[in-house]
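Q: structural data only, the sequence is not supplied:
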């Protein structure tokens, strides 16, 4: 475990605001348990809870807060200079940070999704959701980590992607679904455990190739951007 | 030790404060109202990025642009097919995600920057009561949100008024439709501003504030979806209380009735619980404002 990993993890968990992440998965769990205990048909509560809340809100929002936080917070308060001036190759900075971000997001999201999936259908669906969510967390983290190096307002740009691209346009214009990580996650989960609960128009090969492409591509971009990174003050 | 004794022997220094010619301020001193007004105006300008760099204008005007575009498109379609595609209130409902995004952009700008740069002690060393600071910011956000929804509604109204085929009577009918729509936009503005500003005032980091605002608003929407399929009629009809946007819609359905849903009752069923929705909306706004004031009663940085 490298020092960068250690510093990043401590930067995430050491602050009280990490607790802000907890309500999201808890609500997901609570709703799943509530529906199950009241005996509602899983076909009815599955889509709103698993997809509407879990994959469309909890996964991207947690990945956004964590993914932009691992590097963005250090850029914001200027302490990134301490890491940049060490004789480390840039990939040794980006990869551990990406690993921490993806790991934390995956753990926060996959666990409640697994439980919800088990409650909705079967252990297989739970595992499928957990695996797909973990892959999605990796792709989202790579995207948001790269965003925090490309722009000074990574969270807002990430929100534009999550809210307007995936949320608003995805509902009206089906073409944008081909470029939506959320749809890849749904496709992958549906492939591992075929049920009637998950629906998407994206094919599985496209989803797996695009997920890999997004993860690798944005990581390479982040490493490249960090190579020529200039520290500036806060935007006005 | 010779020096302290020498210093004690020396006579006390007789210092003189020289008048080096600074002018005293002789003009009228403006009071609390002017401070409040200045803070409000500054907040409103901040919301749309006026008086700041081009970068600060990108996100607010992106939202304003999309909302206006939708309004113009609706007005154009309406003038072609001759009947309204969406009422003014339905337009406000359809824009809810953009409203959430706008709150996530503006609320951190209004309060989180001041927390982060530590200028609050400077504000509060003036004759400015703490409540005034929070209320001025809140009022600025409410106005900005109302302008965001009301401006495009006005565009739709103009589009309808200029293409109406019933002369002045058609314009008058259209105006009667517009006014409740503007009121409804005001309701959206008050509810979303009070909750959003409260969330944003908890942290000095704009990034975290924006994420928090979106998380609070988005997280509550699926709860409504789940509550509305529970096997209990009362739970279904009260489901809208769980989320700010459906709460506003519930109040709208109760107070505006057919203006909002036009004939078919739609997905939102509130049954006879209309007054409950109105009461909940009032309590939500009052509670959020009270918490905001409490937050600024004791804020260190």
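A: Sure, I can see it. Note that the coordinates shown come from a computational prediction; the quantities given were computed from them, not determined experimentally. Numbering: from 1, shown residues only, chains lettered A, B, ... in the order given.
Q: which parts of the stretch 201-301 of chain B are helices?
A: When assigned using DSSP state H, counting those that start in this stretch, the helices of the stretch 201-301 of chain B occupy the ranges B:206-227, B:233-238, B:244-256, B:258-261, B:274-297.
Q: wait, which of these is closest to chain A?
A: Distances from chain A to each of the helices of the stretch 201-301 of chain B were compared using C-beta to the nearest C-beta; the shortest belongs to helix B:206-227, at 3.6 Å. The C-beta positions use only the backbone N, C-alpha and C, and glycine is treated the same way.
Q: wait, does that closest one contact chain A?
A: Yes: Helix B:206-227 reaches chain A (C-beta under 8 Å from any C-beta of the partner chain) through B:206-208, B:210-212, B:214-215, B:218-219, B:221-223, B:225-226.
Q: still on that earlier bit, looking at the helices of the stretch 201-301 of chain B, which has the lowest confidence?
A: Summarising mean pLDDT across the helices of the stretch 201-301 of chain B, the least confident stretch is helix B:258-261, with a mean of 61.
Q: measure stretch B:85-97 end to end?
A: Distance across stretch B:85-97, first residue to last, is 19 Å (C-alpha to C-alpha, to the nearest Å).
Q: quick revisit: out of the residues of helix B:206-227 next to chain A, which is most surrounded?
A: Taking other C-beta atoms under 10 Å in any protein chain shown to define a neighbour, the member of the residues of helix B:206-227 next to chain A with the most is residue B:210, carrying 32 neighbours.
Q: chain neighbours aside, what residue packs nearest to residue A:35?
A: Here the nearest residue to residue A:35 in space, its sequence neighbours aside, is residue A:45; by C-beta to C-beta, 6 or more residues apart in numbering or on different chains that works out to 4.1 Å.
Q: pLDDT weak spots in chain A?
A: For chain A, applying pLDDT under 70 flags the ranges A:1, A:17, A:171, A:232-236.
Q: which one of the helices of the stretch 201-301 of chain B lies nearest to residue B:132?
A: Checking the helices of the stretch 201-301 of chain B against residue B:132 by C-beta to C-beta gives helix B:274-297 as the closest, at 9.6 Å.
Q: for that closest one, packing partners?
A: Using 3 or more C-beta pairs under 8 Å, 6 or more residues apart in numbering or on different chains; DSSP states H and E as the contact definition, the elements that helix B:274-297 packs against are helix B:130-163, helix B:167-200, helix B:244-256.
Q: so which of those is the most packed in?
A: Highest mean neighbour count of those: helix B:244-256, a mean of 23 (counted as mean count of other C-beta atoms under 10 Å in any protein chain shown).
Q: what's the angle from it to helix B:167-200?
A: Here helix B:244-256 runs at 150 degrees with respect to helix B:167-200, directions being taken by axes from the mean of the first three to the mean of the last three C-alpha atoms, to 10 degrees.
Q: got the angle for the strand or helix carrying residue B:43 vs helix B:130-163?
A: Per DSSP states H and E, residue B:43 falls inside helix B:32-47. For the pair helix B:32-47 and helix B:130-163, the angle between their directions (the same axes, to 10 degrees) equals 60 degrees.
Q: all helices for chain A, in order.
A: Assigned by DSSP state H, chain A shows helices spanning A:3-13, A:23-38, A:42-46, A:59-77, A:80-84, A:91-120, A:123-150, A:154-159, A:170-172, A:181-192, A:204-227.
Q: those: which one's closest to residue B:127?
A: Closest among the helices of chain A, using C-beta to C-beta: helix A:59-77, at 33.3 Å.
Q: can you give me the buried ones in that closest one?
A: Using 16 or more other C-beta atoms under 10 Å in any protein chain shown as the burial criterion, the residues of helix A:59-77 that qualify are A:59-76.
Q: roughly how far apart are residue B:85 and residue B:76?
A: From residue B:85 over to residue B:76 the distance is 10 Å, taken as C-beta to C-beta, to the nearest Å.
Q: okay, and the common contacts of these two?
A: Taking C-beta atoms under 8 Å, 6 or more residues apart in numbering or on different chains as the contact rule, residue B:85 and residue B:76 have no neighbour in common.
Q: how about the residues of the stretch 1-150 of chain B near chain A?
A: Proximity of the stretch 1-150 of chain B to chain A, by C-beta under 8 Å from any C-beta, involves residues B:52-53, B:55-56, B:59, B:62, B:66, B:97-98, B:100-101, B:104-105.
Q: report the buried members of those.
A: Using 16+ other C-beta under 10 Å as the threshold, B:56, B:59, B:62, B:66, B:97, B:98, B:100, B:101, B:104, B:105 are the buried ones among the residues of the stretch 1-150 of chain B next to chain A.
Q: for the residue nearest to the fourth one when sequence neighbours are not counted, list the residues it contacts.
A: The reference is to residue B:66. Taking C-beta to C-beta, 6+ apart as the measure, residue B:66 lies nearest to residue B:98, with 6.0 Å between them; neighbours along the chain are not counted. With contact set as C-beta under 8 Å, 6+ apart, residue B:98 has these partners: A:164, A:168, B:63, B:66, B:67.
Q: residues contacting the first one?
A: By C-beta under 8 Å, 6+ apart, the contact set of residue A:164 is B:66, B:97, B:98, B:101.
Q: can you say which helix or strand has the first one in it?
A: Looking back up the chat, that one is residue B:66. Secondary structure from DSSP H and E places residue B:66 in helix B:54-81.
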